[in-house]
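A.B. asks: Here is a sequence together with a model predicted from it:
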4 protein chains.
Amino acid sequence: MPKSSLTAPRLFNVDCKLSYTLLDDTHFLFLVHALDGMDQEVVEESLRVTPAVESVLHTDAVHGHRTLRFKAGAGPLTLRYRARVRLLRDAPDLRAKEWPIEQLPHEVLADLMPTRYCESDRLGSAATRMFGSLEPGHARVQAVCDWIHDNIEYRIGSSDTTTTACDVFLQRSGVCRDFAHLGVAFCRALNIPARLAVGYARFDEPPPDFHAVLEAFLGGQWVLFDPTRMTEPQDLVRIAHGRDAGDVAFATLFGPVRTRLIRPEVEQVRARRARR
Amino acid sequence: MPKSSLTAPRLFNVDCKLSYTLLDDTHFLFLVHALDGMDQEVVEESLRVTPAVESVLHTDAVHGHRTLRFKAGAGPLTLRYRARVRLLRDAPDLRAKEWPIEQLPHEVLADLMPTRYCESDRLGSAATRMFGSLEPGHARVQAVCDWIHDNIEYRIGSSDTTTTACDVFLQRSGVCRDFAHLGVAFCRALNIPARLAVGYARFDEPPPDFHAVLEAFLGGQWVLFDPTRMTEPQDLVRIAHGRDAGDVAFATLFGPVRTRLIRPEVEQVRARRARR
Amino acid sequence: MPKSSLTAPRLFNVDCKLSYTLLDDTHFLFLVHALDGMDQEVVEESLRVTPAVESVLHTDAVHGHRTLRFKAGAGPLTLRYRARVRLLRDAPDLRAKEWPIEQLPHEVLADLMPTRYCESDRLGSAATRMFGSLEPGHARVQAVCDWIHDNIEYRIGSSDTTTTACDVFLQRSGVCRDFAHLGVAFCRALNIPARLAVGYARFDEPPPDFHAVLEAFLGGQWVLFDPTRMTEPQDLVRIAHGRDAGDVAFATLFGPVRTRLIRPEVEQVRARRARR
Amino acid sequence: MPKSSLTAPRLFNVDCKLSYTLLDDTHFLFLVHALDGMDQEVVEESLRVTPAVESVLHTDAVHGHRTLRFKAGAGPLTLRYRARVRLLRDAPDLRAKEWPIEQLPHEVLADLMPTRYCESDRLGSAATRMFGSLEPGHARVQAVCDWIHDNIEYRIGSSDTTTTACDVFLQRSGVCRDFAHLGVAFCRALNIPARLAVGYARFDEPPPDFHAVLEAFLGGQWVLFDPTRMTEPQDLVRIAHGRDAGDVAFATLFGPVRTRLIRPEVEQVRARRARR
């Protein structure tokens, strides 16, 4: 049955450049490849690592995430990933319902459980008091995101890799992943499966950076929300999704490394050829 | 200059019984003596420790708190403290103002600082967002207490001796000292000196227990508030006040002890002789 | 190539009884089925839920874990799972080596990362200082387990569902899952993939309970360690393994429930028929 | 009875310069005046605040700490404090004993209790396991300091104003106040009264900074220890002591301020006139 709200496919160009100085042999895991599946297609892509290395691209059997893995020696290292990606994403159904637990598919049950950065158990009482009496469905997740937008200050440097949803709720500041973590925790506390989606997004203001948003399971599908309101969530070029940021780091380094440049850019292709 | 709102002095009878079984030599510090000073007078009092011990009653030079200190050997130990106390406390001035920092007496500045159980620094942004735009003064502290009453569940067993204001704000439950700690932290974050006051209070429901309330510095004096709404704060028979619960434990034990009974009772004397 | 250390297969009988009183409709997830795969085989098994419910048994495509899922109404509920399980587990290779990161299979990389209960990042410096200079390999993981055994007190009630490896390291007490979490965190901090394995184990002392142990990736395979020394880890009848306890709860309940009985028993079958 | 180990008095010159840019009216509390009492004497001193402000110097009745307090308007602000201080401190008695609790003077009992930055309760088991069986006395406190020196890395930037002894014990890094906090917590857990002492110290390496060390109550008096081993603790020119850093901040600011310079220098006067 066709949906009435089908959005025309849109085309995006990704250009991601990462530069490092390795102080010694380093083993890398990069999660920068656009997801080729779900609600998007990779039309074309290229990857160049300089100096050249022998690498493996591992595709996750369940989610389709692609992890690039290699070892490199001391010295400069640059990675450039470019892709053209078609988004087939529907406009979100604003009337989408929350599903009762017994109807949830087994695959999303893990997204109901507390995780390191999304302690839905510890935030359960607060979530219930704040959002428990709202009408279930898309509007309730939107209300969660609105509350986060209105009460959490976006401030670079106010959080670090150990900052959790509880910390954000206390300190009332954070960056995109913190906003998303808090939203995920609130949703799970309300028995709405929720997870973190990361990818390439066009921000209202530079600089370009990897983005993290909240994805909630509503009406039988995953729906993107951006509690920072800094991007249009429907335009996210997905890289991966996970239970929290611990699952979807764009770079994992085993070795002494200095980061020189992180510049993940994305642009919508506005020309005629963007139409199918 | 006489205040228009002078309350008639009221008389209270305190009867506090504590029982322990000592498994070995134990050193005790008890903070159970009613404060004789500030806005109350001890009319008469008696103390009996069974079996008899050699004890010292130390009076704090600054605050007047009285700490009973002794060592006792293995076996049962019972302490009974009885007192008749006259409260000279004025009804609170509902128009009392917050004083700017430069007008605060030096002695209350420490009550502006974060402490272990009242992390006003970590709760600063939340407090400012929630209460920062309210009219300063007695009504603002009352609004803080109202929020706590409406949003924190009183539940025995939901907290322990390591629970702090941040924990209470997250978990949305606690007992009297937790309610007071959260109020103290919010007040300090708003630059209102605040501290914990502990003593004997008559609860709407049994069992009797030591009580902890919030005390805020307004209009140049300390004003009592009870965010649990379980007692009339003006009727608290003070034992002590401190920056947080760490300063004012009613019993500190150095040794292996089983607690058998904690029964701190208080009754207002309603007879004619309660009048001066 | 045959291994010299092959252990004769051993047969175990599992008898697990769980009883609850449901105060309202409740959705259950039970992870009690013995794993049929890896280094063990389920020879026969039976499950009975009383009163009878319509249930689904979901088998995880990656790990083979089997989750029983059903909804039940208010009233008593009893689950009984019985199984005969053959362990095909080799005796551990005491000379097994740690593998360098570049040789690790992709599937175990997630077991190098910090998780909620195993904060290997926060414990990284301590682990390096305590165990970093030891000879890598089986003996180093054993040294980690020995340290835990010698320095952490096994004390029921000293931890709860929010207790993490960091907490255990600080408070120096916990139960089996806490011991395992700390070991997992230390191993990961040393770049040894590690995870939690849960199942049925025979304790030196009653009562029977579900058990959690540490599993480290050594010499290309998963090796079981029990830092509590309360069971023989090679005799664990596996139910599941996960990154930490958050992945492998034996029961997850969505609803108001009183637990009446948890009695997961296991016995080795000593008769002749235990031999193949 | 004269002590055999009397040290000749030593003379130190303090020169402390602090510079700020105030973005708006700011209320300041400065704790920079050398203590004139205990085991040192202020021979002469001068204070200049530029631009000139009306200030109050408050002397604490119990400890003798002197707090400078004033309000200043937007613009640059510089404070310069210079003093000549004579230390009358004895060399520490290496045979000094720990006193049993019942012999401790009432004034030091508060220094046995856990505080925000020195959670001796949470570190109690670890302290007992690590140091509980050592011979009580000066050597045991020295063993605590040695352990800290050997196991905690001095690293500027590894901690912040919320870092506690538990954090330091976990992360194994910190700066002088973190080293001292951990030592204080361990001592209190062993029933040795301990506190933080802050002041002017000559570091082996620049830059000059305020210093914090541990002070333990041994043999009836306070004895200084520096677990960082970066200074000679007997040469500390005291400013103040407190239960932890929360009590003895050198500057407390109520207002928006940029810090431009913190340069607290101290030099021992080596000339003949240093002798009495």
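C.D. replies: Received, thanks. Numbers count the residues shown, from 1 in each chain, chains lettered A, B, ... in the order given.
A.B. asks: any idea of the mean pLDDT in stretch A:141-152?
C.D. replies: In this model, stretch A:141-152 has a mean pLDDT of 98.
A.B. asks: I meant to write stretch A:220-240 there.
C.D. replies: Stretch A:220-240 comes out at a mean pLDDT of 96.
A.B. asks: Next, the contact list for the residue in the stretch 151-276 of chain A that chain C sits nearest to, please.
C.D. replies: Closest residue of the stretch 151-276 of chain A to chain C, C-beta to the nearest C-beta: residue A:254 (5.1 Å). All C-beta spots, glycine's among them, are computed from the backbone N, C-alpha and C. Applying C-beta atoms under 8 Å, 6 or more residues apart in numbering or on different chains, we find residue A:254 in contact with A:26, A:27, A:28, C:101, C:191.
A.B. asks: separation between residue A:48 and residue D:210?
C.D. replies: Residue A:48 sits 51 Å away from residue D:210, taking C-beta to C-beta, to the nearest Å as the criterion.
A.B. asks: Who has more neighbours out of these two?
C.D. replies: residue D:210 (20 against 11; other C-beta atoms under 10 Å in any protein chain shown).
A.B. asks: thought residue A:151 was touching residue B:125?
C.D. replies: No: at 9.1 Å, residue A:151 does not count as touching residue B:125 under the criterion of C-beta atoms under 8 Å.
A.B. asks: joint contacts of those two?
C.D. replies: Joint contacts of residue A:151 and residue B:125 (C-beta under 8 Å, 6+ apart) are residue A:172.
A.B. asks: neighbour count winner among those two?
C.D. replies: Using other C-beta under 10 Å, the more surrounded residue of residue A:151 and residue B:125 is residue B:125, with 20 against 16.
A.B. asks: Any idea how many residues pack against the spatially closest residue to that one that is not a sequence neighbour?
C.D. replies: Leaving aside its sequence neighbours, residue B:125 sits nearest to residue A:172 (C-beta to C-beta, 6 or more residues apart in numbering or on different chains; 3.8 Å). Counted with other C-beta under 10 Å, residues neighbouring residue A:172 total 19.
A.B. asks: still on that earlier bit, so which of the contacts of residue A:254 are in strands?
C.D. replies: Among those, DSSP state E puts A:26, A:27, A:28 in strands.
A.B. asks: For PyMOL, write the select line for the buried members of those residues.
C.D. replies: Of the ones in strands among the contacts of residue A:254, the buried ones go into a single PyMOL selection, burial set by 16 or more other C-beta atoms under 10 Å in any protein chain shown:
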select buried, chain A and resi 26+27+28
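A.B. asks: closest to residue A:73 among the ones in strands among the contacts of residue A:254?
C.D. replies: Using C-beta to C-beta, residue A:26 comes nearest to residue A:73 of the ones in strands among the contacts of residue A:254, at 8.0 Å.
A.B. asks: just the strands in the stretch 51-200 of chain A please.
C.D. replies: For the stretch 51-200 of chain A, the strands defined by DSSP state E, counting those that start in this stretch cover A:55-59, A:66-72, A:75-87, A:153-154, A:173-174, A:194-200.
A.B. asks: hmm, back to that, I'd like the ones in strands among the contacts of residue A:254 laid out as JSON lines, including pLDDT and distance to residue A:246.
C.D. replies: Formatted as JSON lines, the ones in strands among the contacts of residue A:254 follow (pLDDT from 0 to 100; distance: C-beta to C-beta, whole Å):
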{"residue": "A:26", "pLDDT": "97", "distance to residue A:246": "20"}
{"residue": "A:27", "pLDDT": "97", "distance to residue A:246": "18"}
{"residue": "A:28", "pLDDT": "97", "distance to residue A:246": "17"}
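A.B. asks: Leaving out sequence neighbours, find the closest residue to residue A:155.
C.D. replies: residue A:173 (4.6 Å).
A.B. asks: List the contacts of that neighbour.
C.D. replies: Residue A:173 makes contact with A:152, A:153, A:154, A:155, A:158, A:159, B:125 under the criterion C-beta under 8 Å, 6+ apart.
A.B. asks: which residues does the residue nearest to residue A:79 when sequence neighbours are not counted contact?
C.D. replies: The spatial neighbour of residue A:79 that comes closest, neighbours along the chain excluded (C-beta to C-beta, 6+ apart), is residue A:18 at 4.6 Å. By C-beta under 8 Å, 6+ apart, residue A:18 lies in contact with A:30, A:32, A:78, A:79, A:80, A:251, A:261, A:262, A:263, A:264.
A.B. asks: what sits opposite the last one in the beta ladder?
C.D. replies: In other words, residue A:264. Counting by DSSP bridges, residue A:264 is bridged to residue A:16.
A.B. asks: Looks like it contacts residue A:14 (just checking).
C.D. replies: Yes: if you go by C-beta under 8 Å, residue A:264 and residue A:14 touch, sitting 7.4 Å apart.
A.B. asks: Common neighbours of those two, please.
C.D. replies: Residues touching both residue A:264 and residue A:14 (C-beta under 8 Å, 6+ apart) are residue A:200.
A.B. asks: need the contact list for the closest residue to residue A:94 other than its chain neighbours.
C.D. replies: Excluding the flanking residues, the one nearest residue A:94 by C-beta to C-beta, 6+ apart is residue A:138, at 5.2 Å. Residue A:138 makes contact with A:92, A:93, A:94, A:95, A:96, A:97, A:218, A:219, A:223, according to C-beta under 8 Å, 6+ apart.
A.B. asks: which of those residues count as buried?
C.D. replies: Buried members of the contacts of residue A:138, counted by 16+ other C-beta under 10 Å: A:92, A:93, A:96, A:218, A:219, A:223.
A.B. asks: Chain D: which of the residues you listed is nearest?
C.D. replies: Closest to chain D out of the buried ones among the contacts of residue A:138 is residue A:223 (36.4 Å), distances taken as C-beta to the nearest C-beta.
A.B. asks: In which helix or strand does the closest one reside?
C.D. replies: Element membership for residue A:223 (DSSP states H and E) is strand A:221-225.
A.B. asks: CA atoms only: put the helix or strand following that strand into PDB for me.
C.D. replies: Using DSSP H and E, the helix or strand that follows strand A:221-225 in sequence is strand A:237-242. Presented in PDB, the C-alpha positions along strand A:237-242 are these (Å, rounded to 0.1, in the frame of the first residue of the first chain):
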ATOM      1  CA  VAL A 237      22.800  11.100   5.600                       C
ATOM      2  CA  ARG A 238      23.100   8.100   7.800                       C
ATOM      3  CA  ILE A 239      26.300   6.400   8.700                       C
ATOM      4  CA  ALA A 240      25.100   4.200  11.500                       C
ATOM      5  CA  HIS A 241      22.800   3.900  14.500                       C
ATOM      6  CA  GLY A 242      23.400   2.400  17.900                       C
END
